Structures are given as structure tokens and as C-alpha cells.
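Enquirer: Sequence plus predicted model, see below.
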Amino acid sequence: MAVVQVINALSARTFESNALIRHLVLTCLCFNIIFRAVHVPGRINNIVDSLPLTVLDIPQTSADGRLFPDSHTRGGVATWPPELWNMILGSLSVNIRKSYLLALQEILRFLGKESLEEVEWPLPVSTLLAFVMHCKRQGKSRTAVSNRLAGISFFSRLQGFPSCSALFPIKRAMLGWARESPPGRDGRKSITIQILRNILKCLADVCSNEAESLLFKCAFSLAFYAALRVSELAAHAKHGPSTACLQWEDTKLEGKKLIQRVPRSKTDQLGAGAYITLHEWQGETTCPVHCTRSYLQIRRSTCGGPLLVHLSGLPLTRYQFARVLHLALTSLGMSTVGYSSHSFRIGAVTAAAGLGLQDSEVMAIGRWGSGRFRSYVRLPGYFAVKGQP
């Protein structure tokens with residue numbers, strides 16, 4: 001009766017049984033077969049006893065329950081067509097995709113394999129633990145190793161096996177590592193409104209012409225007041241796809257307010273988009289509405305695509321954004337250590353928290369879905385009131 005229940009439920013409590021059930025289901029799917037098990041009492045079940053063993057053709061399994069030879073468990077994904085791989089990898093963000101492919105390269109190098117086709121899945125726990133220790137001895141951080149395990153788990157789950165990060169020995173090893181070396185405080189600094197004022201003021205000396213100065217004034221102002229990630233603001237490169245950043249056709253100036261659509265973000269990989277409304281701040285040199293209006297007056301109206309473009313029509317890139325920020329801070333006599341493109345977003349959150357806004361309001365400004373923003377706040381005594389992030 002237990003066998004009947006397991007077959008009809010298509011699930012069991014042991015890995016070995018699940019491996020057999022998976023083989024049965026995949027075989028039946030190939031031939032469009034729907035099956036259901038029925039219990040036959042032993043006293044009348046004489047059909048199976050009359051069959052020779054050669055007819056039964058029972059599949060062989062390894063000690064850990066893996067069936068072989070079977071393309072599903074041994075290099076099966078390596079035979080998938082490129083179109084399918086593009087679809088699967090396209091479900092990941094650019095940075096996550098790079099991280100997972102790097103993890104695959106490192107585990108292949110550790111195993112001494114040349115390709116994914118040579119790897120037998122699932123990887124033994126002992127191999128995974130040895131890989132973790134190898135990475136630690138190389139000086140990799142715990143976060144980096146966690147990312148590697150996530151990448152390995154991705155390719156493991158593609159073949160129907162559980163995530164290696166969820167294995168008990170792996171979880172305990174990573175937890176022990178975390179306790180012996182607790183994470184340090186985020187060292188990135190925030191850009192305050194006063195620093196932003198100084199940056200915009202010195203852009204005339206940093207940039208090559210007035211048009212470039214207006215471009216970066218608009219970029220820096222939007223980055224701060226809209227709490228934008230640099231990936232939402234600027235293009236990844238001068239040439240190539242640039243539809244994920246702010247678009248010219250999604251920018252609307254209506255009286256004393258600016259309505260801007262963010263087409264895609266780190267937490268919006270499907271591109272549902274989000275709208276941001278910014279209001280004019282009379283007399284403020286960093287006002288995003290004023291800076292955007294001034295920039296649009298010199299922007300080529302015939303040039304569609306990204307909102308922030310040079311006079312040549314090429315889009316503002318993330319590298320250029322960070323580089324001009326670095327030059328502006330240097331021009332002001334400030335140290336550039338700790339400042340990055342993300343400092344605008346950190347500054348926006350810190351300013352919002354300093355004004356006494358509720359957590360839900362701060363989350364709406366930065367389009368967060370959780371309290372993760374608290375780690376960005378750079379206010380003394382803030383966590384004593386709100387609690388640790």
C-alpha cells in the first residue's frame with residue numbers, strides 16, 4: 001500500500017524514492033502516458049511472479065539514488081539548445097547572471113572539469129564543503145561564497161535537484177562562518193543636500209561645456225531626489241541596449257512638477273515600471289524640476305531613447321556618471337573614499353529619515369518592498385529609536 005500511495009502522490013520522503021519516481025514520470029511524459037497505481041493483494045498477484053527478470057528491466061541506481069546512464073542527471077542541461085539557455089538565463093538580471101556563470105566557472109575549475117557536461121549531479125555534500133573551505137582559504141568573503149553557492153544551486157535545480165544552499169551541513173557551515181566574522185557596517189557615504197549643492201556649483205569647471213554641465217546637473221539632481229539606482233538612471237554602455245534606464249518619452253513636465261517613469265529596476269526585472277512625481281522647490285539650485293527643464297531646453301528633441309544623452313546623441317553611461325562625480329568631489333577638495341553612484345540614493349534615504357517620515361513613506365520613495373532601506377540611513381541615534389536593520 002505504501003508503494004501505491006507514493007506512486008499516486010508522485011512524491012516520497014526519501015531522496016532515493018524521489019529519484020525513481022522522477023525517472024518514471026519523465027519516461028511516461030515522453031510517451032504521453034498517464035498512470036495510476038492500484039493495490040493488488042499478494043494472494044492473487046501471480047502475474048509479476050511469472051515474468052522473467054529480463055522483461056522487468058529494472059533501472060540501475062548509484063548509492064545516492066541517482067539513475068545512470070540518464071541524460072537528465074548527467075550533463076543533460078549541457079545538451080539543451082541555445083534558444084532555451086537564452087530564455088532561462090534571460091530570467092535573471094544582468095548582475096545575477098554574471099554571478100551565476102562565475103560560480104559555474106569556479107566549481108568546474110575546482111572539480112577539474114572542462115564543461116558542465118562532465119559534471120555529475122547532484123554534487124556530494126563533501127565536495128561542496130571542500131569547495132567552501134577552498135574559497136575561504138583563498139580569502140574570499142562569506143558573501144562572495146554565498147553567491148557562489150547560489151549559482152551552483154541554480155544549475156542544480158535546473159536538473160531537478162534541491163538547492164545545495166539548503167543542505168543542512170552547508171547551512172551550518174555558513175552560519176558558523178557568519179558568527180566568527182560578523183558583517184561590518186556599510187562604509188558607503190551619503191551625499192547630503194549641501195554636498196549636492198556644492199557638486200552642482202562646480203560642474204561648470206569640471207565639464208567641458210555648458211551642455212555637459214546641464215546634463216550632469218539633471219542626472220545628479222534626479223539621482224538624489226528620486227532616490228535612483230545608477231542602473232535606473234544611466235545606460236550600461238555607449239553602444240548597446242539602453243531601454244532599462246530613464247527614457248525621454250517617459251518624461252513629462254506639467255507646470256511645477258515632473259512626472260518620470262522608471263521603466264525597469266533591480267526589483268522589477270519584468271519591466272512593469274513605476275512612476276515618480278517630483279515637485280518644484282522654489283529658490284533651490286538643486287531642484288530636480290528646474291534642473292530637468294534647463295537640460296531639456298538644450299537636449300535634441302529629435303533624439304529619442306534614453307533621457308540623458310550627450311549632444312552627440314550617445315547616452316550617459318554609468319561609468320561617466322561615477323567619473324564626473326569623482327572629479328567634482330576632487331575639485332571640491334573632498335576625499336572620494338566611500339563615495340559612489342549609490343551615495344545619492346543613500347543620501348535621499350537619510351534626508352527622508354531625518355525629516356521624520358514613516359518607514360512606509362521612505363520605502364515608497366526608494367521603491368523598496370522591505371525594511372532594507374534602514375541600512376542606508378546615516379543618522380546618529382536613528383537605530384536606537386527604530387531598531388537595528
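Expert: That came in fine, so what should we check first?

Enquirer: Would you mind giving the domain segments of this structure?
Expert: 2-56, 78-180, 193-373 (automatic domain parsing).

Enquirer: Tabulate these in a markdown table, adding columns for mean neighbour count, distance to residue 186 and mean pLDDT.
Expert: No exception for glycine: its C-beta is placed from N, CA and C like everyone else's. Listed next are the domains of the chain as a markdown table, based on neighbours: other Cβ atoms under 10 Å; distance: least, Cβ to Cβ, whole Å; pLDDT from 0 to 100:
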| stretch | mean neighbour count | distance to residue 186 | mean pLDDT |
| --- | --- | --- | --- |
| domain 2-56 | 11 | 40 | 67 |
| domain 78-180 | 15 | 12 | 89 |
| domain 193-373 | 17 | 8 | 92 |
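
Enquirer: so which of those comes closest to residue 379?
Expert: Closest to residue 379 of the domains of the chain, according to Cβ to Cβ: domain 193-373, at 5.7 Å.

Enquirer: Run the chain-centre distance for that closest one.
Expert: 21 Å (Cα atoms, centre = their mean, to the nearest Å).

Enquirer: What's the end-to-end length of it?
Expert: One end of domain 193-373 sits 19 Å from the other (Cα to Cα, to the nearest Å).

Enquirer: how near is residue 273 to residue 120?
Expert: In this structure, residue 273 and residue 120 are 43 Å apart, going by Cβ to Cβ, to the nearest Å.

Enquirer: and what of residue 137?
Expert: According to Cβ to Cβ, residue 137 stands 25 Å off from residue 120.

Enquirer: Surely residue 289 and residue 251 touch.
Expert: No. Between residue 289 and residue 251 there is no contact under Cβ atoms under 8 Å: 11.2 Å.

Enquirer: Now list whatever residues contact both of those two.
Expert: Jointly contacting residue 289 and residue 251 under the rule Cβ atoms under 8 Å, 6 or more residues apart in numbering are residue 258.

Enquirer: any idea which residue sits dead centre in this protein?
Expert: The chain has residue 96 as the residue nearest its centroid, 4.6 Å off, counting by Cα atoms, centre = their mean.

Enquirer: ok, for residue 353, nearest residue in space, not its chain neighbours?
Expert: The shortest distance from residue 353 to any non-neighbouring residue, by Cβ to Cβ, 6 or more residues apart in numbering, is to residue 377 (4.8 Å).

Enquirer: So the residue nearest to the centre of the chain belongs to a helix, correct?
Expert: Yes. Applying DSSP: H, G, I helix; E, B strand; the rest coil, one finds residue 96 inside a helix.

Enquirer: picking up where we left off before, possible to save the domains of the chain as TSV with distance to residue 187?
Expert: Supplementary listing: the domains of the chain in TSV, determined by distance: least, Cβ to Cβ, whole Å:
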stretch	distance to residue 187
domain 2-56	43
domain 78-180	14
domain 193-373	6
